[in-house]
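A.B. asks: what follows is a predicted protein model with its sequence.
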Amino acid sequence: MTTLRERQAPLKARYESEPESAKLVMRVRSATTGDDPTCCTIAAVDAAGNQTVSWKAGAHPMAGGAGDLACSGDLLLASLAACQEITLRMVAAAMHIPLRDVEVMIEGDLDFRGTMGVDPETPVGFQQIRTAIRFDADAPPERLQRLAERAERYCVVGATLRGGTTLTTDIAVRVGEGAARHA
């Protein structure tokens, strides 16, 4: 079985010699059918436009959802938890530090008065997100400190949330036959 380092070595070499090969556009698509306004189906889409995996999401009960599906806030926090744990595990593997009992807990503070339009002064979205990572490992404290620093640095979702990113939205309204006749 190959190690993580062995699997990553040719990738790193290619990214160094061909920087453009390291660039990727990740895509997900929400393409829901049906008339329930509180749920949707999201799909990851590969470069060829093929759906690779899908999952359902729903509105949070505090926004009128049934509570039977993960809401978008759950998915955002789950993305951070997954990224933090995988990054920690990958960095530890690269440093030859065996980990045991890894646990990542994420908490996010929301005020639904903003989301529901009850109070225009209340922000929409998470006002604060806290992470707590706990694990067991046998390594000197200075190596564990380096592990923690590197895991924090290379967590894509954490870095994006901390640093922010440019977000653009292009909304185009499709007018169907029935709507066009009534316009």
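C.D. replies: Looks like it came in fine. Numbers count the residues shown, from 1 in each chain.
A.B. asks: alpha carbons only for contacts and neighbour counts from here, please
C.D. replies: Will do.
A.B. asks: low pLDDT regions in this structure?
C.D. replies: Scanning the chain for pLDDT under 70 picks out the ranges 177-183.
A.B. asks: make it 50
C.D. replies: Counting by pLDDT under 50, the ranges of the chain that qualify are 180-183.
A.B. asks: select the longest helix from it.
C.D. replies: Longest helix of the chain, by residue count under DSSP state H: helix 72-94.
A.B. asks: in the chain, mark out all the strands, start to finish.
C.D. replies: Assignment of strands within the chain using DSSP state E yields the ranges 27-30, 39-45, 51-58, 99-109, 128-137.
A.B. asks: as a markdown table, these with mean neighbour count and distance to residue 146 would be great.
C.D. replies: Rendered in a markdown table, the data for those read as follows (neighbours: other CA atoms under 10 Å; distance: least, CA to CA, whole Å):
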| stretch | mean neighbour count | distance to residue 146 |
| --- | --- | --- |
| strand 27-30 | 14 | 33 |
| strand 39-45 | 17 | 33 |
| strand 51-58 | 15 | 35 |
| strand 99-109 | 13 | 14 |
| strand 128-137 | 12 | 13 |
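A.B. asks: now do the longest helix of the chain and strand 51-58, the angle between them.
C.D. replies: An angle of 130 degrees separates the directions of helix 72-94 and strand 51-58 when computed by axes from the mean of the first three to the mean of the last three CA atoms, to 10 degrees.
A.B. asks: how much space is there between residue 60 and residue 67?
C.D. replies: Applying CA to CA, to the nearest Å, the value for residue 60 to residue 67 is 6 Å.
A.B. asks: what of residue 133?
C.D. replies: 27 Å.
A.B. asks: give me the domain ranges for the chain.
C.D. replies: When the chain is parsed with automatic domain parsing, its domains come out as 25-63, 71-164.
A.B. asks: so what's the one residue sitting closest to the centre of the chain up against?
C.D. replies: By CA atoms, centre = their mean, the chain has its centre lying nearest to residue 79, at 3.1 Å. Residue 79 makes contact with residue 157 under the criterion CA atoms under 8 Å, 6 or more residues apart in numbering.
A.B. asks: same deal with residue 34?
C.D. replies: Taking CA under 8 Å, 6+ apart as the test, residue 34 contacts no residue whatsoever.
A.B. asks: swap the cut-off to 10 Å and go again
C.D. replies: residue 40 (CA atoms under 10 Å, 6 or more residues apart in numbering).
A.B. asks: for it, give me phi and psi.
C.D. replies: phi 110, psi 170 (degrees, to the nearest 10).
A.B. asks: same deal with residue 119?
C.D. replies: The phi/psi pair for residue 119 (degrees, to the nearest 10) is phi -130, psi 110.
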